[in-house]
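Undergrad: next input, structure requested:
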Amino acid sequence: MLDRLSLRIRVLLFFLLIALGGIAAIVAGGWLTLSRSPQPGLDGPLLQAGLIAGFLIVFITTGIWYLFDANVARAIDGLSTAIRSRAHADVTGGLTREAAQARYLGDLAPAAEAISASLAQTRSALAESVARETARLSAEKSRLEKLLSDVPVAVLLCNADFQLAFYNGQAVTILEAGAAPGLDRNLLDYLREGPVRHAYDRLANMNDPDAVSDLMCATTASGRLLSGRMRVLRRTDNTRRPGFVLTLRDVTADLSAHAAREALLTEVFDRVRRPAANLQTVIGVLSDSPELAQQGDLTQAMQTEVRVLTSAITQLSARHDATRGEWMPQTRTRSRDLLDGIQAQFAAQDLALTTEGPELILTCDGFELALFFRWLGTKLAETGRANSFRLVLSEEDGPGAILDLDWLGAPLPVGEFDGWLTESIDPELPDVTARSVLMAHLTEAWTETRPDGRATVRLPIPQARRATRRPPPIEREVVYDFELLSKERNAGVLESRLQDLTYVVFDTETTGLTPSADEIVQIAAVRVVNGRRVRREVFDTLVDPGRPIPKSSTDVHGITEDMVKGAPSMVEAGKSFHEFARGAVLIAHNAPFDMEFLRRYEKAIGVQFDNPVLDTVLLSAVVYGQLEQHSLDALTARLGITIPEEARHTAIGDTVATADAFLKLLPMLQAQGLETFGAVLAEVRRHGRLLKDLNTQM
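TA: Below you'll find the model as predicted:
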C-alpha cells in the first residue's frame, strides 16, 4: 500500500511518526518519573512541562517537514517528472527551473541535467543515423503513396474483422464518407454486408493467396453500385484469419448509360418493326398483283407506312445523336495544346500554319483532330490550293466553339469535300476515316468562301468552355497503419490497453462560458489511432448558434456572426460529430464544459454522447500532481508543444495541441504502470476535486 503513495505523502508520514515518537517519549518519561518519585505534588509541574515539550516537538517537526517538503520532496518530484517527460514524451530543453528548485539537493540536480543532456545527445545522434539510413526508403515510400493516391479506383486494406488499415483518396469519394472513411473503422459501415462478407468467407476458406473474387456491392448511404475485386493476404499466423485487399470502381454511371442505350435500341426495334412489316406486306401484294399497283389505296397505304417509318427513324436518330456522347467519352483538352499539336503536324508535312484563338477547354479527342487537320491540309496542298494556312478558334454563343481552317487560294467545293470524307486520315489507321472522326465528335464540317476571298473549312466543337484559373487540387493521399492488421481487440474498454483504443480529441468554441445558456459556434476534432494522430482524418465545422455572438466572445475566438451565416445548425453539426466520434474514446481539455454543451442537444439530435471520456486536465494531475498548473498553455509548455498564436483559442488549433499533449502523456502514464483504460480511470478518479469524472456508467 505504501508504495502507491506519492513521495510527499510518504515524507509527511515520516515526520508525523517522528512527532508521535517524540510525544510518546515524553509521555513515557513522565510516567516513569512519577511512578518512581516519592515526592508529592510533582505531577502538576511535570504535566505542564510535558505538554509544553509536546507542543514544541509538533511545532519543530512541522516546521522542519515544511522546509523539507518545499526544498527536498517537492524538488525531487519536480526532477522526477521532468526526467520522465524527457525519457518518455521526447521533451527537449534543459532543467533550469527544476534545478533552481533542487538547489538544496547537492549534486542531484546537475547529475539529472547531465543525464537529460546525454539522453538528448544520444537521441539526436540516433535520429540522425536513422534518418540517413531510411532516407532512401522514405523516398520510395513517398513515391508509392503518390502512385497509390492517383490510382483511379478505390483501394482498401482491411483485417479479418473488416477494420480499415489502408485507404487511398478515391475511397473517400466512392464510399461517400465525407472527409475520410477513417482508420480502424468498420468497412461494413460504408458497404452493404452481404456481398463483401460472402466474398471474404469464400476466399478465406480456399486458403489460396492467389485467388481473387469479383463482386458487385452497394454503398449503405445511397445505394451506389460498385464493382469490386477482393484478394486475401498471405497468412502470417495460422491462428489468425488473414486480412484482404479490396479494389472498388463506381459503375453506377456506366450501368445507367448502358441501360439508356439498351432502352433506346429496344424502342428503335419496337417502333420500326411494325411499319417495316406493313411496308413489306404492301410491297409483297404489289409484287404478286401488278394490276393492283394502279389502285390508289395500296399506293396511299404504302406512302403512309413510308412516312411513319421515316419519321420514326428520324426521331430515333436525333435521340441517338443527342445521347451518344454519354457512352462515347471524350477527354478535356486545352485549346492551346490542341492548336500546338496541329501546328506540329503541319510542320511535319512542310506546311505553314498560324493559329489563334482564346484559351478554352475543349471536350474532344485531340489526337484524332490533329490527324484530321493534318490530312485536310495535305489534301489541300496536293490539289494545289495552298501551302500556307491559318487555323482560328472562336467561341460560339452556346456551349461550343468552332475551328476554321482558311487559306488564300482556290475554294473547295462541297461535293469534292464530301467525297474526301470517306478516305482514311492516316495510312497506319486505315479504319479511321475523316467522317468517322466527325461522327465520334458528334459534329459535321463544311466549306465556305469568306467575303475577303479566303476559302474556309469549318468544324464545330459541341462542348467547350472558357479556361479559368485552376482551383486548388483536392489532397488525395493514402492513409494507412499496417499494424492494425495484426492487432487483437477482444477486451472491453476498461481492460483494453491504452495504445489499442481509438481516440477522438475535440474542442468547441462558444458564445459564452455558461453551458446551460450559451451555444456552440465551432466544433473541431481529430482522430488518434494506434498511438498517432491521423493527419487527414479531421472534423472542423462552424455552427450557427441561432443567436447573436457577443463581442467579448468574438475577441477570444475570432468568430463573427457573418462567419456562421449558412453554417450547419447544432443539430446537424452534432449528428456529424457523433458519427465522426462513433466507437472512440473522447478526449478534451476541461471535458465537462464541452460535454455539457453536447449533452444538452442529445434529445434534439436523437443520439447519446455516451462515449468513454478522458480529460487532459486530470491526466496532467496524475502525471505532474495536483499542485501544478493544468491549463492548456501550462501543460503544452511543460511538454515542449508550441501553439501558434493565430491558432490559440480556435477549435482546431486547441484540438491539435490537446491531441499532441495527450500523445506525450500516454507513455508517461504507461511508465507509471497505468497500462489499461481502467487503471487510468481509477487513478483519475483520485483527483476528482479538480474536475468531475464523466464516466459515471463505467
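Undergrad: just list the residues touching Leu674, thanks.
TA: Leu498, Val622, Val680, Glu683 (Cβ atoms under 8 Å, 6 or more residues apart in numbering). In this view, the C-beta of every residue, glycine as well, is placed from N, C-alpha and C.
Undergrad: what about Gly640, how many neighbours?
TA: By other Cβ atoms under 10 Å, 15 other residues sit near Gly640.
Undergrad: quick check: closest non-adjacent residue to it.
TA: Val91 (4.4 Å; Cβ to Cβ, 6 or more residues apart in numbering).
Undergrad: look at the one you found and give its secondary structure.
TA: With DSSP: H, G, I helix; E, B strand; the rest coil as the basis, Val91 sits in coil.
Undergrad: when you give positions from now on, start the count at 160
TA: Let's use 160 as the start, then, which means that last one is Val250.
Undergrad: list the contacts for it?
TA: Ser244, Arg797, Leu798, Gly799, Lys823.
Undergrad: buried members of those residues into ChimeraX, please.
TA: To isolate in ChimeraX the members of the contacts of Val250 that are buried, counting by 16 or more other Cβ atoms under 10 Å, one can use:
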select :244,797,798,823
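Undergrad: so which bits of the helix or strand where Cys376 lies are buried?
TA: Secondary structure from DSSP states H and E places Cys376 in strand 371-377. For strand 371-377, the neighbour count (16+ other Cβ under 10 Å) marks Ser372, Leu374, Cys376 as buried.
Undergrad: next: stretch 828-842.
TA: Leu828, Gln829, Leu833, Thr835, Phe836, Gly837, Ala838, Val839, Leu840, Glu842.
Undergrad: and the buried residues of strand 371-377 as a markdown table, adding distance to Asp236 and pLDDT?
TA: Shown next, in a markdown table, are the buried residues of strand 371-377 (distance: Cβ to Cβ, whole Å; pLDDT from 0 to 100):
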| residue | distance to Asp236 | pLDDT |
| --- | --- | --- |
| Ser372 | 60 | 87 |
| Leu374 | 60 | 85 |
| Cys376 | 58 | 82 |
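Undergrad: pick the one among those residues closest to Leu206.
TA: Cys376 (91.9 Å; Cβ to Cβ).
Undergrad: which of the three states applies to the nearest residue to that closest one once chain neighbours are set aside?
TA: Once flanking residues are discounted, Cys376 sits nearest to Pro354: 4.2 Å by Cβ to Cβ, 6+ apart. Classification of Pro354 using three-state DSSP returns helix.
Undergrad: my guess is Pro354 meets Asp373, correct?
TA: No: applying Cβ atoms under 8 Å as the test, Pro354 and Asp373 come out as separate, 10.2 Å apart.
Undergrad: what's the overlap in contacts for those two?
TA: Contacts common to Pro354 and Asp373, judged by Cβ under 8 Å, 6+ apart, are Gly387.
Undergrad: for the residue nearest to Cys376, give me its contacts.
TA: Leu374, Met375, Cys376, Gly387.
Undergrad: and which of these is nearest Leu777?
TA: Closest to Leu777, out of all of these and judged by Cβ to Cβ, is Cys376, at 44.2 Å.
Undergrad: excluding covalently adjacent residues, which one is nearest to Pro751?
TA: Lys851 (5.2 Å).
Undergrad: any idea how far that neighbour is from Phe821?
TA: From Lys851 across to Phe821, the span is 19 Å (Cβ to Cβ, to the nearest Å).
Undergrad: Val331 now?
TA: Val331 is 26 Å from Phe821, by Cβ to Cβ.
Undergrad: neighbour count for the two, which is higher?
TA: Phe821 (23 against 20).
Undergrad: pretty sure that one sits against Ile746.
TA: Yes: here Phe821 reaches Ile746: they are 5.4 Å apart, a contact under Cβ under 8 Å.
Undergrad: what residues are shared contacts of those two?
TA: With Cβ under 8 Å, 6+ apart, Phe821 and Ile746 have common neighbours Tyr662, Val664, Val687, Leu773, Thr775.
Undergrad: assign a three-state SS to the fourth one, would you?
TA: So that's Leu773. Once three-state DSSP is applied, Leu773 turns out strand.
Undergrad: and what of the second one?
TA: The three-state label given to Val664 by three-state DSSP is strand.
Undergrad: residues near the residue nearest to Pro751, how many?
TA: 13.
Undergrad: so it, which of the three states?
TA: Quick answer, by three-state DSSP: Lys851 is coil.
Undergrad: okay, it: pLDDT?
TA: With respect to pLDDT, Lys851 scores 73.
Undergrad: how close does it get to Thr667?
TA: With Cβ to Cβ as the criterion, Lys851 and Thr667 are 17 Å apart.
Undergrad: for Asp409, same thing?
TA: 36 Å.
Undergrad: which of those two has more residues huddled nearby?
TA: Neighbour count, other Cβ under 10 Å: between Asp409 and Thr667, Thr667 has more, with 24 against 19.
Undergrad: sorry, back to before: by neighbour count, which of the shared contacts of Phe821 and Ile746 wins?
TA: Val664 (29 neighbours).
Undergrad: quick one: contacts of stretch 392-408?
TA: Contacts of stretch 392-408 (Cβ under 8 Å, 6+ apart): 311-319, 324, 330, 333-334, 346, 355, 359, 362-363, 366, 368, 376, 385-391, 644-645.
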